[in-house]
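In: Sequence first, predicted coordinates after that:
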Amino acid sequence: MELEPFKSIYRQSSGQCIDSLREFGYAITRLELEPSAAFDSEWRQFKESWNKLEADRYLKAATTYRFRRYAAYDYFSLAGNLRQKPHQGFRQTTTEGVNNPYAGQERIFAPLTDDIANGQWLRILIQANIELFSRLLANPISHWTVGVHQIRVLGTSSVAGSPTPEGIHRDGYRFLASHLVNSSNLAGGASRIYDGGRKLIKEVALRQPGDTVLLDDRRVYHEATPVYPLNSNLGKAERDVIVISYDEV
Ligand SMILES: [Fe+2]
């Protein structure tokens, strides 16, 4: 599919994001949601699709607290062309230092539903991030592979849900973007970023829809703290994110 031109989708200028990624290996920013009236109903549809995720059956926990869907894409920079790949298993690298208990294992997650897989918001996010990340590269990447994960983590007063049960890790990609799409009764779930020596350099709680962490996955490690209810009388906590990985083919 062809992508239309668009203005920056981030409140912070892309220059500030790039400076931060260059200096620290990460950037914290927020999607520009309110002025995008044209996308308002699409955003609502996008957000509500987190109610239709499927249980993560690979989670090594007594209680299922993580739900997800997955899709992969090719992106060709020159033509600005984004193409969904046939649905496939998800397998993470066995590269040293990535620290992933699922490394090398194929996990089959439910596919993105067609409305989300082909919707405006996903295309906007992917193209915006690729344009931003491309400005960090000495040598442009002409063919990207992009992994899209819709993830909901629940937390109750008896079981805190861990967004990253693997602990401090990298994911083995060139770049990562994590966008908060929605949350409910949420405490915890803070994003932590560590330098290459695994020293904590930033902790930020994504709380507003559109809050975003961009990572240079080769330079920094990350994790997220357990999720639990802000008010236990109000039931469970929900943390809905879209995590998108970007790598060179
Ligand atoms: Fe990760």
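Out: That came through fine.

In: So which bits of the helix ranked longest in the chain are buried?
Out: The helix spanning the most residues in the chain, taking DSSP state H as the definition, is helix 120-134. Buried residues in helix 120-134, defined by neighbour count with 16 or more other Cβ atoms under 10 Å: 120-130, 132-133. (Each C-beta comes from the backbone N, C-alpha and C, glycine too.)

In: Next: stretch 175-191.
Out: Buried residues in stretch 175-191 (16+ other Cβ under 10 Å): 175-183, 185-191.

In: Name the nearest of these relative to E96.
Out: Within the buried residues of stretch 175-191, proximity to E96 (Cβ to Cβ) peaks at L176, which comes in at 18.4 Å.

In: I'd guessed the closest one sits against I242; true?
Out: No. The pair L176 / I242 is not scored as a contact, 11.2 Å apart, by Cβ atoms under 8 Å.

In: Name the nearest residue to R11, sequence neighbours excluded.
Out: Nearest non-adjacent residue to R11, counting by Cβ to Cβ, 6 or more residues apart in numbering: R30, 4.8 Å away.

In: Surely that neighbour is in contact with C17?
Out: No. With contact defined as Cβ under 8 Å, R30 does not count as touching C17 (10.7 Å).

In: Compare the two and say which is more crowded by neighbours.
Out: C17 (23 against 17; other Cβ atoms under 10 Å).

In: on that earlier part again, what's the overlap in contacts for R30 and C17?
Out: Common contact partners of R30 and C17 (Cβ atoms under 8 Å, 6 or more residues apart in numbering): Y10.

In: for the protein, which spans come out with low pLDDT?
Out: By pLDDT under 70, the low-scoring segments of the chain are 1-8, 34-39.

In: who touches the nearest residue to H149 once chain neighbours are set aside in this structure?
Out: Nearest residue to H149, sequence neighbours excluded (Cβ to Cβ, 6+ apart): V243, at 4.5 Å. Shown in contact with V243 (Cβ under 8 Å, 6+ apart): V148, H149, I151, L176, A177, S178, H179.

In: Put together CSV for these, with secondary structure and distance to F46 on each row.
Out: As requested, those are exported to CSV (DSSP: H, G, I helix; E, B strand; the rest coil; distance: Cβ to Cβ, whole Å):
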residue, secondary structure, distance to F46
V148, strand, 12
H149, strand, 14
I151, strand, 14
L176, strand, 19
A177, strand, 15
S178, strand, 15
H179, strand, 10
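
In: Check those residues against Y73 and report the nearest one.
Out: Once Cβ to Cβ is applied, the member of the contacts of V243 that ends up nearest Y73 is V148, at 6.9 Å.

In: how many neighbours does the residue lying closest to S157 once chain neighbours are set aside have?
Out: Nearest residue to S157, sequence neighbours excluded (Cβ to Cβ, 6+ apart): S232, at 4.0 Å. Using other Cβ under 10 Å, S232 is surrounded by 14 other residues.

In: Quick check: phi and psi at S232.
Out: Main-chain torsions, S232, degrees, to the nearest 10: phi -70, psi -20.

In: how far away is it from V153?
Out: 17 Å (Cβ to Cβ, to the nearest Å).

In: same question, A72
Out: A72 is 22 Å from V153, by Cβ to Cβ.

In: Which of the residues in stretch 88-106 are classified as buried?
Out: Neighbour-count burial for stretch 88-106 [16+ other Cβ under 10 Å]: F90, Q92, V98, N99, N100, A103.

In: got the contact list for the first one?
Out: In other words, F90. Contacts of F90 by Cβ under 8 Å, 6+ apart are Y70, A72, E106, R107, I108, F109, G147.

In: where's stretch 23-37 relative to the chain centroid, distance-wise?
Out: 13 Å (Cα atoms, centre = their mean, to the nearest Å).

In: which residues sit against it?
Out: With Cβ under 8 Å, 6+ apart, stretch 23-37 has contacts from 8-12, 16-18, 20-21, 43, 125, 179, 193, 195, 201-202, 204, 208-216, 219-220.
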